[in-house]
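Asker: For reference, the sequence and a predicted model appear below.
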Amino acid sequence: MEFCPKCGMRLVLSVKEKKSSRVSLKCPNCNYVLRGKKTSQPALVKPTEKPSKESIIIIGEKEAKLKTLPTQKAQCPKCGNMEAYVWMVQTRGADESSTQFFRCTKCGMTWREYS
Ligand SMILES: [Zn+2]
Ligand SMILES: [Zn+2]
């Protein structure tokens, strides 16, 4: 149970996005919102997933000219948006395999397609 740090009222659950598991707690009195509690992930803001053993080339903002990238129908794991920019990256060390990356057109979340 959480209490509002501003006025001490008991916070109530306020589900923000139906498709994600993220929930927020909201104060019914002063509308203070406590975000990201009670989820499977820690409340810390993690930019992306941790790189695994294989070397993953992360495309930076400069390299990823997003406006020129094609978009594809893919569901963002973060916000549930159904459109994402898509590009392929050759992973070092892996034999001829390349990884498909997605970036949400809405929230900027980047993730990989596992095949
Ligand atoms: Zn309050
Ligand atoms: Zn998104």
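Answerer: On my side now, so go ahead. Ligands and ions are numbered 1, 2, ... in the order given.

Asker: now residue 84: how far from residue 1?
Answerer: Applying CB to CB, to the nearest Å, the value for residue 84 to residue 1 is 37 Å. Where C-beta positions appear, they are placed from N, C-alpha and C, glycine not excepted.

Asker: Residue 105 now?
Answerer: 38 Å.

Asker: Show me which of these two is the more surrounded one.
Answerer: Using other CB atoms under 10 Å, the more surrounded residue of residue 105 and residue 1 is residue 105, with 17 against 5.

Asker: worst-scoring helix or strand of the chain, pLDDT-wise?
Answerer: Among the helical and strand segments of the chain, the one scoring lowest on mean pLDDT, DSSP states H and E is strand 33-37, with a mean of 73.

Asker: Verify the stated contact: residue 34 with residue 11.
Answerer: Yes: here residue 34 reaches residue 11: they are 6.0 Å apart, a contact under CB atoms under 8 Å.

Asker: which parts of the chain sit against ligand 1?
Answerer: 4, 6-7, 9, 27, 29-30, 32 (CB under 5 Å from the ion).

Asker: so of these, which ones are in strands?
Answerer: Using DSSP state E, no member of these falls in strands.

Asker: Include neighbour count, pLDDT and distance to ligand 2 when you put the residues you listed into JSON lines, please.
Answerer: JSON lines is the format used below for these (neighbours: other CB atoms under 10 Å; pLDDT from 0 to 100; distance: CB to the ion, whole Å):
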{"residue": "4", "neighbour count": "19", "pLDDT": "93", "distance to ligand 2": "29"}
{"residue": "6", "neighbour count": "11", "pLDDT": "92", "distance to ligand 2": "30"}
{"residue": "7", "neighbour count": "11", "pLDDT": "95", "distance to ligand 2": "32"}
{"residue": "9", "neighbour count": "14", "pLDDT": "92", "distance to ligand 2": "31"}
{"residue": "27", "neighbour count": "21", "pLDDT": "93", "distance to ligand 2": "27"}
{"residue": "29", "neighbour count": "13", "pLDDT": "93", "distance to ligand 2": "31"}
{"residue": "30", "neighbour count": "12", "pLDDT": "95", "distance to ligand 2": "29"}
{"residue": "32", "neighbour count": "15", "pLDDT": "90", "distance to ligand 2": "25"}
